[in-house]
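Novice: what follows is a predicted structure for the sequence shown.
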Amino acid sequence: MKTAPAPYQPPVIPADDATAIRTEGLRKVYRRGQDGLVALEGLNLTVGRGEFFGLLGTNGAGKSTTIGMLTTLVTPTAGSAWVAGREVGADPVGVKSRIGVVPQANTLDRALSVRDNLAFRGRYFGMSASAARRRALELLEQFALADKAGARAHQLSGGQARRVMIGRALMHLPEVLFLDEPTAGVDPQAREDLWRIIGSLHEAGQTVVLTTHHLDEAEALCRRLAVIDHGRLLACDTPEAIKATSGAQTVITVRYDAAAHAVGDAVRRIPGGPHDVAVDGPTVRVRTTRPDGVLGHLLREAGAAGLTVRDAATTPPSLQTAFLTLTGRDYQP
Ligand SMILES: Nc1ncnc2c1ncn2[C@@H]1O[C@H](COP(=O)(O)OP(=O)(O)OP(=O)(O)O)[C@@H](O)[C@H]1O
């Protein structure tokens, strides 16, 4: 008699592991006729449990492709990924049951009420009808949508629909929540509401992975960022560390009470001092990656030249200038 083969056991990262996501050499090439388009080139990433992690890049950088591979919707061309302790290629069902995904497009069922959009998701994941209904109402309450429970999905504003989609993705208490451009196309007030809701989920311990092409959104929400451009990972760190280590320059500007060429010349002559010194009448502007002590020089040299300082400002690198330095081109979302 033939014995049934032992069921395949996909590799499992131990439950107490601090890692929510790990990728090794993740690569995606889309077929385009005879050619291939490399959408993602060998991505190596680790996201910790409870982290708020952002994928930042301009249109077409490869963010949605990355999310698609991590959420089992896009098949990698090469490489591996583990999400919530399961290998994506080996155990897609296990991954799906442990993640919540909010895509860019509105995928609510227009024929159903808001409450049923959530409750049906709970039923799909095996909740009893009463438990699903209870959890749906809890989530709607949490997202200030209790008064919309009986409304049809198509009666919602863009921001409300996005909140309902987040609620629906949370019905089965997923370990990792993926948000693909969660504030795309919503008005500024709705955007702030979404930021507050998403921020509070993270504070409650939810692991969140978000894609955005908004620099301010990435900076306001994400504790760590992967900067992706043309399918390549250019930097992966806290926003502060990316700004500090990108090689982007700090700009120090001092305005005096009279023409300041003497100050500019003196600062240029300081051994090891800043080289990029521009003088425009009474204003001296220094761009440097080593800003320590530069303002002190500009103030001291003013005294020596008999000038009085009217104004002084130091502008540290922004995420925008860091992006410009990393990619060699301006940020065009
Ligand atoms: N199904 C597909 N078939 C062919 N090419 C694709 C497909 N999906 C994405 N691409 C291409 O892969 C590249 C990366 O696209 P992706 O959608 O991952 O970028 P993105 O960073 O998410 O951009 P956006 O912010 O516009 O969503 C782009 O050049 C895109 O045109």
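Specialist: Structure received.
Novice: so who does whichever residue of the stretch 151-300 of the chain sits closest to the ligand touch?
Specialist: The nearest approach of the stretch 151-300 of the chain to the ligand comes at H213, 5.2 Å away (Cβ to the nearest ligand atom). Where C-beta positions appear, they are placed from N, C-alpha and C, glycine not excepted. By Cβ atoms under 8 Å, 6 or more residues apart in numbering, the contact set of H213 is 56-59, 61, 63, 181, 333.
Novice: and the residues you listed, which of them are buried?
Specialist: 56-58, 61, 63, 181 (16 or more other Cβ atoms under 10 Å).
Novice: circling back to that earlier point, where does the residue of the stretch 151-300 of the chain closest to the ligand land on pLDDT?
Specialist: Note on H213: pLDDT of 88.
Novice: give the contact list for the residue found closest to S318 once you drop the neighbours it is linked to in the chain.
Specialist: Computed as Cβ to Cβ, 6 or more residues apart in numbering, the closest residue to S318 that is not its neighbour in sequence is K243, at 6.9 Å. Each residue near K243 by Cβ under 8 Å, 6+ apart is listed here: 316-319, 321-322.
Novice: K243: helix or strand, and which one exactly?
Specialist: Element membership for K243, per DSSP states H and E: helix 239-245.
Novice: buried set for that helix?
Specialist: Within helix 239-245, judged by 16+ other Cβ under 10 Å, the buried ones are 239, 242-244.
Novice: now render these as a markdown table, adding pLDDT and distance to P274.
Specialist: Formatted as a markdown table, the buried residues of helix 239-245 follow (pLDDT from 0 to 100; distance: Cβ to Cβ, whole Å):
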| residue | pLDDT | distance to P274 |
| --- | --- | --- |
| P239 | 94 | 25 |
| I242 | 92 | 23 |
| K243 | 90 | 19 |
| A244 | 87 | 17 |
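Novice: for the chain, what lies in contact range of the ligand?
Specialist: Within the chain, the positions lying close to the ligand (Cβ under 6 Å from any ligand atom) are 30, 37, 39, 57, 59-65, 213.
Novice: among these, which lie within strands?
Specialist: Mapping the residues of the chain next to the ligand onto strands (DSSP state E) picks out 30, 37, 39.
Novice: among those, who's most crowded?
Specialist: A39 (22 neighbours; other Cβ atoms under 10 Å).
Novice: so who does it touch?
Specialist: 28-30, 62, 65, 231.
Novice: also G185?
Specialist: Applying Cβ under 8 Å, 6+ apart to G185 gives the contacts G158.
Novice: that one in helix, strand or coil?
Specialist: coil (DSSP: H, G, I helix; E, B strand; the rest coil).
Novice: just the buried positions in the longest helix along the chain, please.
Specialist: Counting residues, the longest helix found in the chain (DSSP state H) is helix 188-203. Of all the residues in helix 188-203, those buried under the rule 16+ other Cβ under 10 Å are 190-191, 193-195, 197-198, 201-202.
Novice: repeat that for stretch 86-97.
Specialist: Neighbour-count burial for stretch 86-97 [16+ other Cβ under 10 Å]: 86-89, 91-92, 94-96.
Novice: restricted to strands, list the residues you listed.
Specialist: 86-87.
Novice: adding pLDDT, write the buried residues of stretch 86-97 out as CSV.
Specialist: Shown next, in CSV, are the buried residues of stretch 86-97 (pLDDT from 0 to 100):
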residue, pLDDT
R86, 94
E87, 94
V88, 95
G89, 93
D91, 95
P92, 95
G94, 95
V95, 96
K96, 95
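Novice: closest to the ligand out of the buried residues of stretch 86-97?
Specialist: Top of the list for closeness to the ligand, among those and by Cβ to the nearest ligand atom, is V88 at 16.3 Å.
Novice: any low-confidence regions in the stretch 1-150 of the chain?
Specialist: The model of the stretch 1-150 of the chain has pLDDT under 70 over residues 1-16.
Novice: the helices in this structure, which residues?
Specialist: 63-70, 92-96, 114-124, 129-142, 158-170, 188-203, 215-221, 239-245, 261-269, 294-304, 319-327.
Novice: list the buried residues in stretch 78-85.
Specialist: 79-85.
Novice: just the residues contacting that stretch, thanks.
Specialist: So stretch 78-85 is in contact with 11-15, 17, 19-27, 42-43, 69-71, 87-89, 95, 98-99, 174-176, going by Cβ under 8 Å, 6+ apart.
Novice: in strands, which of the residues you listed fall?
Specialist: 19-27, 42-43, 87, 99, 176.
Novice: which pair of these spans the longest distance?
Specialist: The most widely separated members of the ones in strands among the contacts of stretch 78-85 are G42 and I99, with 22.9 Å between them, by Cβ to Cβ.
Novice: what is the neighbour count of R152?
Specialist: 16.
Novice: same deal with the one 5 residues further on?
Specialist: Number of residues near S157 (other Cβ under 10 Å) recorded here: 12.
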